[in-house]
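Participant: Build me a model from this:
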Amino acid sequence: MAEEESLQLEVKEPAKRPKWLMVAIIAGAGVLLAAIVAGVVILLSSGDDRQGAEQVEISTPLTPGDALYVGMPRPFLFNLPGEKRSYLVQIKVQVQVRGFGDQEIAKKHIPLIEDSLLSTFSAADAKQLSTREGKEELRTQALINVQTTLQGITGKPVVERVLFTGFVMQ
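Facilitator: Residues are numbered from 1 along each chain as shown. Model prediction:
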């Protein structure tokens, strides 16, 4: 009898998978396919952008005296004491030069330009920077200091204008 009991096998029906599982698998495959297609499109379109940029450069050649801009790699961030409290100031700066030669000189001397600008900015006062005229005065003083500094090194002023491309005072 013991043998008969051990020989009996139970046959179970296979478990049914829920319907949502099949939908989830199909949706996941669709998302993966969309991501692959998007990646291919981005890779192929980046080559077109370079060709478009070359066409723009060819159609509008720069002359040696054109205005070019050199951005300072990071914004200037400093504290200014005020009458009642201190202010945190952040200024993003670009300098305007004329021609490729001056652009290369300015790029070469970015640390020197940054030092001159930081010295100028830290000498300002909060009351001055709260008005438009005060900001314009600071920009003019920054230009004079940068030109004087570069004149001593390169023999010419190099920078034509100092531009504030971002100015935050809190």
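Participant: number of nearby residues for Ser160?
Facilitator: Check again: residue 160 is Glu, not Ser. For Glu160, the neighbour count with other Cβ atoms under 10 Å is 14. All C-beta atoms are positioned from the backbone trio N, CA, C, and that covers glycine.
Participant: quick one: it is in a helix?
Facilitator: No - per DSSP: H, G, I helix; E, B strand; the rest coil, Glu160 lies outside any helix segment and is strand.
Participant: so who does it touch?
Facilitator: Neighbour list for Glu160: Ala67, Val95, Gln96, Val97, Arg98 [criterion: Cβ atoms under 8 Å, 6 or more residues apart in numbering].
Participant: show me where pLDDT drops low in this structure?
Facilitator: For the chain, the stretches flagged by pLDDT under 70 are 1-9, 11, 13-15, 46-64.
Participant: Kindly list the main-chain dihedrals of the residue lying closest to Ser86 once chain neighbours are set aside?
Facilitator: Spatially, and ignoring its direct neighbours in sequence, Ser86 is nearest to Asn79 (5.2 Å; Cβ to Cβ, 6 or more residues apart in numbering). Backbone geometry at Asn79, expressed as degrees, to the nearest 10, gives phi -100, psi 140.
Participant: Likewise for Leu80?
Facilitator: phi -120, psi 130.
Participant: Now do it: how many residues are near it, please.
Facilitator: Neighbour number of Leu80 under other Cβ under 10 Å is 18.
Participant: Run me through the strand neighbours of the top strand by length along the chain, direction for each.
Facilitator: Identified as the longest strand of the chain according to DSSP state E is strand 86-98. With DSSP bridges as the test, strand 86-98 is paired with strand 67-71 (antiparallel), strand 76-81 (antiparallel), strand 159-169 (antiparallel).
Participant: Export the ones you listed as a markdown table, with columns for distance to Gln128.
Facilitator: Below are the strands paired with strand 86-98 laid out as a markdown table (distance: least, Cβ to Cβ, whole Å):
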| stretch | distance to Gln128 |
| --- | --- |
| strand 67-71 | 25 |
| strand 76-81 | 9 |
| strand 159-169 | 11 |
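Participant: Just the helices from this protein, written as ranges.
Facilitator: For the chain, the helices defined by DSSP state H cover 2-7, 19-59, 99-108, 110-122, 126-129, 132-154.
Participant: list the buried ones in the third one?
Facilitator: Along helix 99-108, these residues count as buried under the neighbour rule (16 or more other Cβ atoms under 10 Å): Asp102, Gln103, Ile105, Ala106.
Participant: Distance of the residue nearest to the second one when sequence neighbours are not counted relative to Phe76?
Facilitator: If the residues on either side of it in the chain are set aside, Gln103 comes closest to Leu68, at 4.5 Å by Cβ to Cβ, 6+ apart. Between Leu68 and Phe76 the distance is 21 Å, computed by Cβ to Cβ, to the nearest Å.
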